[in-house]
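Novice: Got a predicted model here, sequence first, then my questions.
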Amino acid sequence: MPELPEVETVRRALQPVMEGARFHKVLARRPDLRVPLPRRFAARLSGETVLRLGRRGKYLVADLSSGETLLMHLGMSGSFRIDLAGPGVFHHGRATAGVHDHVVFHMSSGATITFNDPRRFGLMELVSTDALQLHRALSLLGPEPLEDTFNAARLAEAVRGRKTSLKAALSDQRVIAGLGNIYVCEALHIARLSPLRAASTIATRNGAPREPARRLVDAVRKVLTQALTRRAAADGEDVDGGDPRTFRVYDREGEPCRRRGCPGTIRRIVQAGRSTFYCPICQR
DNA sequence: ACACGGACCTGAAGGC
DNA sequence: TGCCTTCAGGTCCGTG
């Protein structure tokens, strides 16, 4: 499911019921996620207050009153369900937990937060807040694409000398944090750059970032901002994928290119084991 | 050091 | 209908 816009949307949904609230009761129903749940997971959370719920790349980051930070990742299929407590919840709500409801937080806010993840590629870890930036998942992450730290110079530097495709480079979380297969394809189409192009060719020309690098930075910002806006409008519905009709290239093999005046047909190829969708006519 | 293929899981969708 | 194959938006590890 989740790339940066989806994760950020989840964060915004959880924030009101988590920030400032205590973990009243925690259920670790199935500990064998991609990384096994931390030892004594429920006990270490219970009674602690969530000071702040943030996001870094595709990770949700909850700082706790205990001095530990709860790090969460949705993997491919993870999602959170929020049930606001109320009279009759046992009669009218979900009385039975779903098979893939692996972790349940009962918060002092009254909300019940359920982590569901069929494929179990998701992850929850507890790390010392002081050492958070040293954590291997976070320490290598590239800049946040919607912050100023992400710019053409930085991108050019990150891909300089990289002997790999643009598609692979943008998918690399060390280059930019938060992009996944869909938005990489979408951003490359907006920027009119071929996913097959060598990443280093957008980099620098005698010191200054090349024009393609600038276009790509703008395209990444644009595609993420648009997705975030659409997510907000969808308001919880369609937690999956997003509307295929709004994609420019993703999952549109054989369909016409949506760029004005472009006669191209969207092609699907496989790069590094994953589908890439692009227009061979207008992406160079 | 880097880049790639495969592995990790389950479920949905398509072909026959 | 049902079985089989393929594919899925993420990451990590081993190999070359």
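Specialist: The structure has been received and is ready for your questions.
Novice: Strand partners (parallel or antiparallel) of the helix or strand hosting A:Leu60?
Specialist: Under DSSP states H and E, the secondary-structure element containing A:Leu60 is strand A:59-64. Looking at strand A:59-64 with DSSP bridges, its partner strands are strand A:50-56 (antiparallel), strand A:68-73 (antiparallel).
Novice: To DNA strand B, which of those strands lies closest?
Specialist: Set against DNA strand B and scored by CB to the nearest atom of the strand, these come closest in strand A:68-73, at 12.3 Å. The C-beta positions use only the backbone N, C-alpha and C, and glycine is treated the same way.
Novice: How about the closest one and DNA strand B, any contact?
Specialist: No. Contact of strand A:68-73 with DNA strand B (CB under 7 Å from any atom of the strand) is absent, the minimum separation being 12.3 Å.
Novice: so for whichever helix or strand comes after that strand, what's the average pLDDT?
Specialist: Proceeding N to C from strand A:68-73, the next assigned helix or strand is strand A:79-84, under DSSP H and E. The pLDDT scores in strand A:79-84 average 96.
Novice: just to revisit the earlier point, so which of the strands paired with strand A:59-64 comes closest to A:Glu19?
Specialist: strand A:50-56 (5.4 Å; CB to CB).
Novice: Identify the residues contacting that closest one?
Specialist: Applying CB atoms under 8 Å, 6 or more residues apart in numbering, the contact partners of strand A:50-56 are A:7-8, A:11, A:14-15, A:18-23, A:60-65, A:70, A:138, A:141, A:144, A:177.
Novice: Any residues of chain A in contact with DNA strand C? List them.
Specialist: Proximity of chain A to DNA strand C (CB under 7 Å from any atom of the strand) is limited to residues A:1-3, A:6, A:34, A:57-58, A:73, A:75-76, A:119, A:121, A:136-137, A:171, A:173, A:179-182, A:240-242, A:273-275.
Novice: and the helix or strand harbouring A:Leu155, what other elements does it pack with?
Specialist: Per DSSP H and E, A:Leu155 falls inside helix A:152-159. Under the contact criterion of 3 or more CB pairs under 8 Å, 6 or more residues apart in numbering; DSSP states H and E, helix A:152-159 touches helix A:166-171, strand A:208-209, helix A:211-234.
Novice: now do 10 Å
Specialist: Helices and strands touching helix A:152-159, by 3 or more CB pairs under 10 Å, 6 or more residues apart in numbering; DSSP states H and E, are helix A:166-171, strand A:204-205, strand A:208-209, helix A:211-234.
Novice: how far is that helix from where the chain is centred?
Specialist: 21 Å (CA atoms, centre = their mean, to the nearest Å).
Novice: Is there proximity between it and DNA strand B?
Specialist: No. Interface with DNA strand B: helix A:152-159 contributes nothing (CB under 7 Å from any atom of the strand), its closest point being 8.8 Å away.
Novice: can you pull the buried residues of that helix?
Specialist: A:152-156, A:158-159 (16 or more other CB atoms under 10 Å).
Novice: Could you tell me the angle between that helix and helix A:211-234?
Specialist: With axes from the mean of the first three to the mean of the last three CA atoms, to 10 degrees defining the directions, helix A:152-159 sits at 100 degrees from helix A:211-234.
Novice: picking that back up, just the buried residues of the residues of chain A next to DNA strand C.
Specialist: Burial by neighbour count, judged by 16+ other CB under 10 Å, picks out A:1-3, A:6, A:57-58, A:73, A:75, A:137, A:171, A:173, A:179-182, A:242 from the residues of chain A next to DNA strand C.
Novice: Quick check: the farthest pair among these?
Specialist: The largest separation in those, counting by CB to CB, is between A:Ala137 and A:Gly242 at 25.0 Å.
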